[in-house]
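S.K.: here you go, sequence then predicted model.
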Amino acid sequence: MSVTVLTHPLIQHKLTILRDIDTGVKVFREVVSEIAMLMCYEAMRELPLEEIKVMTPVAEATVKALAGKKLALVPILRAGLGMVDGILSLVPSAKVAHIGLYRDPETLEPVEYYCKMPPDIMSRDCFILDPMLATGGTAAAAAKFLKDAGAQSIKLLSILSAPPGVEKMEKMHPDVEVITCAIDGHLNDHGYIVPGLGDAGDRIFGTK
């Protein structure tokens with residue numbers, strides 16, 4: 001399995017803002033969107049290009065354009081929604097699927113409550129969006145849903161990860177590339193990433 005840790009200074013600076021307990025809901029939400037947009041550059045590095053001709057104000061030019069590849073953003077509800085708009089600002093034609101999963105507080109296992117995908121998901125490059133890759137249960141379940149629906153190309157974008165989540169993805173979905181901004185030390189007894197940034201969903205939406 002490929003794991004890419006993004007070390008760009010802008011990303012690392014913005015990640016520090018997310019970690020800070022004093023960062024309010026408005027700023028937290030904005031920075032999550034900004035980091036997702038920056039992650040998009042790496043995640044879509046291999047999109048194919050084709051040559052087209054355009055007329056500039058000076059002359060005709062042969063230039064590069066995306067080769068019409070179909071994309072699907074797949075946020076895991078609800079925290080993954082915070083990453084969607086940042087990526088759509090760069091690729092507004094992407095379709096958005098939704099997978100509703102929550103982690104049982106006792107077993108820490110994922111529980112599905114909603115799943116809605118474009119009918120042609122099997123022909124799209126799919127990008128699972130979840131700010132936190134902690135135990136890996138929800139991400140692994142989301143990848144399985146996509147594969148069961150016929151998806152062939154899947155990447156996972158998680159702003160912050162922990163070793164157990166990375167290991168679970170490697171074991172269950174070695175063909176899914178994980179793109180993250182940092183891999184923290186461990187999980188606590190409640191399955192939270194340490195030092196982490198708290199509950200991403202609560203901090204995005206102002207809930208507890």
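M.R.: Happy to help now that I have it.

S.K.: any low-confidence regions in this structure?
M.R.: 1, 108 (pLDDT under 70).

S.K.: show me where it has helices.
M.R.: 9-19, 25-43, 84-88, 137-148, 163-172, 200-205 (DSSP state H).

S.K.: mind listing what's buried in stretch 105-119?
M.R.: Neighbour counts using 16 or more other Cβ atoms under 10 Å place P110, C115, M117, P118 of stretch 105-119 among the buried residues. Where C-beta positions appear, they are placed from N, C-alpha and C, glycine not excepted.

S.K.: oh, I was asking about stretch 34-42
M.R.: E34, I35, A36, M37, L38, M39, C40, E42.

S.K.: pretty sure the third one sits against I87.
M.R.: Right, the one you point to is A36. Yes. Under the criterion of Cβ atoms under 8 Å, A36 makes contact with I87 at 5.4 Å.

S.K.: tell me the most buried of the helices of the chain?
M.R.: Comparing these by mean neighbour count (mean count of other Cβ atoms under 10 Å), helix 137-148 ranks first with a mean of 21.

S.K.: residues in contact with that one?
M.R.: Residues outside helix 137-148 that contact it (Cβ atoms under 8 Å, 6 or more residues apart in numbering): 74, 76, 99, 101-103, 108-110, 112, 115, 117, 121, 126, 128, 130, 133, 154, 156, 158, 165, 168-169, 172-173, 176.

S.K.: M132 - nearest residue in space that isn't next to it in sequence?
M.R.: A200 (5.2 Å; Cβ to Cβ, 6 or more residues apart in numbering).

S.K.: so the one you found versus E60, what's the distance?
M.R.: From A200 across to E60, the span is 48 Å (Cβ to Cβ, to the nearest Å).

S.K.: next, the closest residue in space to E50 that isn't next to it in sequence: phi, psi?
M.R.: Distance criterion Cβ to Cβ, 6+ apart; nearest residue to E50, sequence neighbours excluded, is A67 at 4.2 Å. Backbone geometry at A67, expressed as degrees, to the nearest 10, gives phi -90, psi 30.
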